[in-house]
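In: Just a sequence and a predicted model for now, questions to come.
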Amino acid sequence: MKNYKIAVLEGDGIGPEIMAEAIKVLSVIETRNDVSFDLQVAPFGATAYFEVGHPFPESTRTLCDAADAVLKGPVGLSHEESEKIPVDLRPERGAILPLRKHLNTYANFRPVSLPRGLAHFSPLKPEIVGDGIDIVMIRELVGGLYFGAKETGVNDQGLRYVKESLEYDESQIARIVHVAFKQAMRRKRVLHNIHKSNVLKSSVLWNQVLEEIAPSYPEVRVIHMLVDAAATHLCLNPCQFDVMVMENMFGDILSDQGGGILGSLGLMPSACLGDDKAYYEPSHGSAPDIAGRNIGNPYSMIGSVAMMLELSFGMLEESRNVWKAMQSVFAQGFSTPDLSRPGSEVTLINTDAFGDKVVEALLAQSVR
Ligand code: IPM
Ligand code: MG
């Protein structure tokens, strides 16, 4: 029997609630496969700061190092609560970015996917959504502005100033570009390269490196698109995209827009992959405003489990089964309240009920 050790970082806000549903799904997978999951829960995020004094404690780091994969819930607090934590120990700067750097998970896969049956959740018109949306955004995750040197001070004129640098070397660009080309080869062989080379030198180098690598993937058609134009195209014609690759900040922003065109950030799971380690997390925040009310959408967390099954454990069939199970819950007319639309006929259910229905759907599948 295969045994996988999973570091479970529940995080803040709705994190523990949606993680509980993800764990229900893992239990089903365990009972019907020759596999066992050793779940090791560890503190991470603002809750960890208040409990043990650090948002990414040493013990959690050690656990992540020893794990076969890390499953992480969202972190963060309301603005007022955040103010109680020293700036550098707030969960974004003090936990998520260090986790990404530590595990060197440079390739972030963010599927922006809305099968035809769920197309009504999109705020876009049916003629624009067509047969559904199916994009993979690939975001560079450990470089660029979010990790560059920062400086603040008062300049010669007595004015407060700030300086943040956006740095990439060619090897950092090359490795994410290879990931993107390989993904494009597995899909429609079209790669949208998102950049801002009309202004940023970093994009000029990014594009040069990409062009140098492109001949190694002659079957892939590359389409270069400025990031601001891409934002417009995502609304006007999202179906033109299949695989998109971009640097860290562009990916942060466009992937939230991806959640917007689907209808909810709750539909955005993600996989953060490095050469040795991988972790899985929803693309969204911890929604402190609805925490503890059992109304968050666990799709992003369960979808992250599906991605983990496929990408860390090679359980492709079960991964597909999890996606199908979630879609069948929507197809039966249920959804969590984030997807409610005035006049829609959807029956709204709670976080735990959604998880239970996914489990029911999984159990109803005939598996081998
Ligand atoms: C994301 C989030 C994070 C990011 C924050 C919480 C640091 O917005 O994963 O998209 O900016 O990368
Ligand atoms: Mg973001």
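Out: Now that the structure is in, tell me what you want to look at. Ligands and ions are numbered 1, 2, ... in the order given.
In: what's the residue closest to the geometric middle of this structure?
Out: What sits nearest the mean C-alpha location of the chain, by C-alpha atoms, centre = their mean, is Ser270, with 2.7 Å.
In: hang on, that one packs against Ala306?
Out: No: counting by C-beta atoms under 8 Å, Ser270 does not reach Ala306; the two are 11.3 Å apart. To be clear about C-beta, it is placed using only N, CA and C from the backbone, and glycine gets the same treatment.
In: residue boundaries of the helices in this structure?
Out: Applying DSSP state H to the chain gives helices spanning 15-31, 46-52, 58-66, 79-82, 91, 97-103, 126-129, 170-186, 201-213, 227-236, 248-262, 299-311, 316-331, 351-364.
In: mind putting those helices in TSV, mean pLDDT, distance to ligand 1 and mean neighbour count included?
Out: Shown next, in TSV, are the helices of the chain (pLDDT from 0 to 100; distance: least, C-beta to the nearest ligand atom, whole Å; neighbours: other C-beta atoms under 10 Å):
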stretch	mean pLDDT	distance to ligand 1	mean neighbour count
helix 15-31	98	12	21
helix 46-52	96	11	20
helix 58-66	98	17	16
helix 79-82	91	11	12
helix 91	96	8	26
helix 97-103	98	6	18
helix 126-129	95	23	13
helix 170-186	98	15	18
helix 201-213	98	17	17
helix 227-236	98	15	15
helix 248-262	98	4	21
helix 299-311	98	11	26
helix 316-331	97	21	19
helix 351-364	98	21	18
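In: Distance to Leu141 added to the ones you listed, as CSV?
Out: Conversion of the helices of the chain to CSV gives the following (distance: least, C-beta to C-beta, whole Å):
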stretch, distance to Leu141
helix 15-31, 19
helix 46-52, 21
helix 58-66, 15
helix 79-82, 22
helix 91, 16
helix 97-103, 5
helix 126-129, 28
helix 170-186, 8
helix 201-213, 15
helix 227-236, 17
helix 248-262, 6
helix 299-311, 14
helix 316-331, 21
helix 351-364, 27
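In: Would you map out the domains in the protein?
Out: 1-105+274-368, 116-271 (automatic domain parsing).
In: can you pull the contacts of the residue nearest to Ile23 when sequence neighbours are not counted?
Out: Distance criterion C-beta to C-beta, 6 or more residues apart in numbering; nearest residue to Ile23, sequence neighbours excluded, is Leu39 at 6.7 Å. Residues in contact with Leu39, defined by C-beta atoms under 8 Å, 6 or more residues apart in numbering, are Ile6, Val8, Ile23, Leu26.
In: Quick check, pLDDT for the residue of the stretch 1-150 of the chain found nearest ligand 1.
Out: Per C-beta to the nearest ligand atom, Glu92 is where the stretch 1-150 of the chain lies closest to ligand 1, at 3.7 Å. Reported pLDDT at Glu92 in the predicted model: 95.
In: now swap in Arg368 and tell me
Out: At Arg368, the model reports a pLDDT of 59.
In: With Arg189 instead?
Out: The per-residue pLDDT of Arg189 was computed as 98.
In: sorry, back to before: do you know how far the residue nearest to Ile23 is from Gly292?
Out: Look at Leu39 and Gly292: by C-beta to C-beta, to the nearest Å, they are 22 Å apart.
In: Buried ones in stretch 34-44, by neighbour count?
Out: Residues of stretch 34-44 classed as buried: Val35, Phe37, Leu39, Gln40, Val41, Ala42, Pro43, Phe44 (neighbour count, 16 or more other C-beta atoms under 10 Å).
In: Determine which two of those are furthest apart.
Out: Taking C-beta to C-beta as the measure, these span a maximum distance of 26.4 Å, between Val35 and Pro43.
In: check contacts around the closest residue to Gln240 other than its chain neighbours.
Out: Closest residue to Gln240 apart from its sequence neighbours, by C-beta to C-beta, 6+ apart: His233 at 6.6 Å. Residues near His233 by C-beta under 8 Å, 6+ apart: Met225, Gln240, Phe241.
In: These, buried ones only, as a PyMOL selection?
Out: Selection of buried members from the contacts of His233 for PyMOL, criterion 16+ other C-beta under 10 Å:
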select buried, resi 225+241
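In: Just the closest of the contacts of His233 to ligand 1, please.
Out: For the contacts of His233, the closest approach to ligand 1 (C-beta to the nearest ligand atom) belongs to Phe241, at 18.4 Å.
In: What sits closest to that closest one if chain neighbours are left out?
Out: Ile135 (4.6 Å).
In: count of neighbours near the one you found?
Out: Ile135 is flanked by 24 other residues according to other C-beta atoms under 10 Å.
In: hey, what's it bridged with?
Out: When assigned by DSSP bridges, Ile135 has beta-bridge partners Val112.
In: same check, this time on Lys5
Out: Asp38.
In: what's the spacing between it and Gly45?
Out: Lys5 sits 21 Å away from Gly45 when distances are taken as C-beta to C-beta.
In: the more surrounded of the two?
Out: Taking other C-beta under 10 Å, Lys5 and Gly45 do not tie; Gly45 has more neighbours (29 against 15).
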